[in-house]
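Engineer: I'd like to go over a predicted model; first the sequence, then the structure.
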Amino acid sequence: MEYPLTFINLSWAEIGIFENTAFPLASLRKEDEPIEKAVERYVIGYMAFWNIAFIKKRMIYPFLQDDVIRKRGQDKIRQYVERHLPIEPFPKFYLVFLNQPQIGCDADGFSDVFCM
C-alpha cells in the first residue's frame, strides 16, 4: 500500500510528511523561503514547544548527504507508518534523526521515529 508521504531531507534528519488539501505543506513557508528551511523551522519549534527535545541549532551535527542513508531513513519512516496508520492523513510529520548523539540513536545511527 502506498502512502501519500512527502520526504524532506535536512542535514540532520529525514522528515516524512502527510499532507492534505486543507493544510498544504506550502502554507508553512514564508515568502521566498525554501521548503527545507520552513520544515526545519517548524520541526525545531514544535519540539521546543512540547519539550520533546532541547535542541540548539549549533549543536546539531550535519550528516553526510548520502542517498543510501536517506533511503534507509525513509524506509524506517514507511515501516513506522505501516504499523501506525493515521485515522485521517492530517498534516503529520514523521522524523528520524541521523547520527545525533544528544538525541540517542541506535547502533545504525538512526533514532526512533517521532510522530508530530
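Structural biologist: Nice, I can see it.
Engineer: The longest helix along the chain - what's its average pLDDT?
Structural biologist: With secondary structure taken from DSSP state H, the chain has its longest helix at helix 67-83. Averaging pLDDT along helix 67-83 yields 84.
Engineer: Also stretch 24-32?
Structural biologist: In this model, stretch 24-32 has an average pLDDT of 80.
Engineer: Compute the first-to-last residue distance for it.
Structural biologist: Taking C-alpha to C-alpha, to the nearest Å, the first and last residues of stretch 24-32 lie 16 Å apart.
Engineer: Give me the pLDDT for the closest residue to C115 other than its chain neighbours.
Structural biologist: Counting by C-beta to C-beta, 6 or more residues apart in numbering, Y94 is the residue found nearest to C115 once chain neighbours are left out, at 5.6 Å. Every residue, glycine included, has its C-beta placed from N, CA and C. You'll see Y94 listed with a pLDDT of 74.
Engineer: Same question for I35.
Structural biologist: 86.
Engineer: how far away is it from V68?
Structural biologist: According to C-beta to C-beta, to the nearest Å, I35 stands 23 Å off from V68.
Engineer: More neighbours: the two, which one.
Structural biologist: Shown here are I35 and V68; by other C-beta atoms under 10 Å, I35 has more neighbours (14 against 7).
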